[in-house]
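Visitor: Turn this into a structure:
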Amino acid sequence: MLRKPQLYLTKVFIQIFLRNKQYIFFSLLLPVVILGIVGLNDGERDPVDIGLVDYSNSNISKEFIEKLSNNALFNINQSDEVNLRNKLIKGELTLILVLPNDMGNTNKTTNIKLLADKSQINFIEAIKPIINQTLISVEREISEKIPMFSLEIKDIKSRTQTYLDFLLPGIMAFMLMNLSIAGSGFNVVEFRRRGILKRLFVTPIKPIDFVSAIVIARMVIVLGQLSIIFSFAFFFLDVNIVGSISHLFFVIMLSVLMFLTLGFSIGSLAKTQESVGVIASIFIYPQIVMSGVFFPIETLPEFIQPFSEILPLSIVADAMRSISSDGLSFLAVYKNMIGISIWIVIGTFVSTKLFVWKEVAG
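Guide: A predicted model of the protein is given here:
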């Protein structure tokens, strides 16, 4: 049960936050804009522009071109090789397929030349299986061979994972980190600078009342703002939430506590408004790139991945993504819960060891 001083201070901290309408607006604007840009995209990709040179002009090559043209993924531009090479150099084409003279010869293996810019190699590797499959289907029709096996793939989750589904948990994790750090680290340094902590120290209000009030107030604020972002994504952008929303918010509450303790640590290390900004930036910005908020950690260099996986934001984003996108319970992401708990212990230890109440920084 909360004591009177805790309830009073909680109310005061919430009122202070609500007075800063500019901060409220901009803290909501960025995630809404990002989610809106991704969500309002219908998910359809522009077709890949492929140049095609047909030196064979055989029935086989024509059948191959027809099958490739019928695939909505490709936009076929058939012309002579010199003209297509110029377009490739200018960036108007992604790749060029050159069908050789002997493509109509069924007695030998035909080597189809693929021309591409070096920067597109990774993308070419992604679409090469589709081109190979088209060649195989043409070959089967010519040889009249029926494949022995047919593999039918079904999604047992009966859902389509979009980039928005991937992005939403990361954006929410990033938001709760920013709001928590701002509500603990920055506020503590400002209160210390203005002498508020010094005056509170000589009142009947105990330090635990002050800390508890900040934690509760910031928890209410973060849950309120994340609920707005979540509602926007759920009702207007049709995002898929597979797991339990209650489990998701349980992870959020625990994560807020973790980032608040880390924020108190930053506020304990910093003694001025200038230094708290620098320390917070060092803490926040590397995590934006390395925590898998906007893209999977697997895309990072291998030597960075083990370090990225233990970052606070990585742990939170992965737990929220596992629940919302994969349908796991918070018990199933126990490793993430252990990671969050360890960071809470670290943040609590650092902040209690270094925290100063009476010092007034200039």
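Visitor: May I ask which helix or strand of the protein has the lowest mean pLDDT?
Guide: Least confident helix or strand, the chain: helix 121-143 with a mean of 64, by mean pLDDT, DSSP states H and E.
Visitor: Could you look up the next helix or strand downstream of it?
Guide: helix 163-181 (DSSP states H and E).
Visitor: Tell me the gap between that following helix and the middle of its chain.
Guide: Averaged C-alpha coordinates place helix 163-181 at 8 Å from its chain's average position (C-alpha atoms, centre = their mean, to the nearest Å).
Visitor: what's the domain layout of the chain?
Guide: As recorded under automatic domain parsing, the domains making up the chain are 4-41+162-354, 48-143.
Visitor: now, of the ones you listed, which is deepest in the fold?
Guide: When you average the neighbours per residue for each of those (mean count of other C-beta atoms under 10 Å), domain 4-41+162-354 leads with a mean of 18. C-betas here are computed from N, CA, C, even on glycine.
Visitor: start to end distance for it?
Guide: Start and end residues of domain 4-41+162-354 are separated by 27 Å (C-alpha to C-alpha, to the nearest Å).
Visitor: Go ahead and measure how far that domain is from the middle of the chain.
Guide: Domain 4-41+162-354 sits 15 Å away from the centroid of its parent chain (C-alpha atoms, centre = their mean).
Visitor: can I assume Ile76 sits in a strand?
Guide: Yes. Assigned with DSSP: H, G, I helix; E, B strand; the rest coil, Ile76 falls within a strand.
Visitor: Setting the sequence-adjacent residues aside, check what's closest to it.
Guide: Ser69 (4.8 Å; C-beta to C-beta, 6 or more residues apart in numbering).
Visitor: and what of Gly339?
Guide: Ile315 (4.1 Å).
Visitor: Walk me through which strands the strand ranked longest in the chain pairs with, and which way each runs.
Guide: Longest among the strand segments of the chain by residue count, using DSSP state E, is strand 48-54. Strand 48-54 pairs in its sheet with strand 74-78 (parallel), strand 95-99 (parallel), by DSSP bridges.
Visitor: any idea which helix or strand comes after the first one?
Guide: Moving toward the C-terminus from strand 74-78, the next helix or strand (DSSP H and E) is helix 81-90.
Visitor: likewise the last one?
Guide: As assigned by DSSP H and E, the chain's next helix or strand after strand 95-99 is strand 113-116.
Visitor: Report all helices and strands that that next one contacts.
Guide: When contacts are defined as 3 or more C-beta pairs under 8 Å, 6 or more residues apart in numbering; DSSP states H and E, strand 113-116 sits against helix 81-90, strand 95-99.
Visitor: what sits up against the shortest one?
Guide: Meaning strand 95-99. Strand 95-99 is contacted by residues 48, 50-56, 61, 64-65, 81, 84-85, 88, 112-116, 120, 124, 131 when judged by C-beta atoms under 8 Å, 6 or more residues apart in numbering.
Visitor: roughly how far is that strand from the heart of the chain?
Guide: Centre-to-centre, strand 95-99 and its host chain are 36 Å apart (C-alpha atoms, centre = their mean).
Visitor: got the helices and strands packed on strand 113-116 as TSV, with distance to Ser27 and mean pLDDT columns?
Guide: As requested, the helices and strands packed on strand 113-116 are exported to TSV (distance: least, C-beta to C-beta, whole Å; pLDDT from 0 to 100):
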stretch	distance to Ser27	mean pLDDT
helix 81-90	43	87
strand 95-99	44	85
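Visitor: Distance to Met177 added to the ones you listed, as a markdown table?
Guide: A markdown table is the format used below for those (distance: least, C-beta to C-beta, whole Å):
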| stretch | distance to Met177 |
| --- | --- |
| helix 81-90 | 43 |
| strand 95-99 | 41 |
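Visitor: Leu168 is nearest to which of the ones you listed?
Guide: Closest approach to Leu168 among the helices and strands packed on strand 113-116 is made by strand 95-99 (33.8 Å; C-beta to C-beta).
Visitor: the inter-axis angle of that closest one versus helix 81-90?
Guide: 160 degrees (axes from the mean of the first three to the mean of the last three C-alpha atoms, to 10 degrees).
Visitor: Restricting to C-alpha, output strand 95-99 in CSV.
Guide: The C-alpha coordinates for strand 95-99 follow below in CSV (Å, rounded to 0.1, in the frame of the first residue of the first chain):
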residue,chain,number,x,y,z
LEU,A,95,20.5,-7.2,-63.8
ILE,A,96,20.7,-8.5,-67.4
LEU,A,97,20.1,-12.1,-68.5
VAL,A,98,21.9,-13.1,-71.7
LEU,A,99,20.4,-16.2,-73.4
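Visitor: Show me the shaky parts of this structure.
Guide: By pLDDT under 70, the weakly predicted segments of the chain are 1-2, 38-46, 104-109, 118-131, 134-162, 200-202, 205, 207, 355-362.
Visitor: what helix or strand does Gln287 sit in?
Guide: helix 273-290.
Visitor: Show the subsequent helix or strand relative to that helix.
Guide: Assignment by DSSP H and E places the next element after helix 273-290 at helix 305-309.
Visitor: right, and the helix or strand after that next one?
Guide: For helix 305-309, the following helix or strand on the C-terminal side (DSSP H and E) is helix 312-324.
Visitor: continuing past that next one, what's the next helix or strand?
Guide: helix 334-354.
Visitor: I'd like to know which elements that next one is packed against.
Guide: Applying 3+ C-beta pairs under 8 Å, 6+ apart, we find helix 334-354 packed against helix 245-269, helix 312-324.
Visitor: residues in contact with it?
Guide: Identification of contacts with helix 334-354 by C-beta under 8 Å, 6+ apart yields 251, 254-255, 257-258, 260-265, 267-269, 310, 312, 315-316, 318-319, 322, 330.
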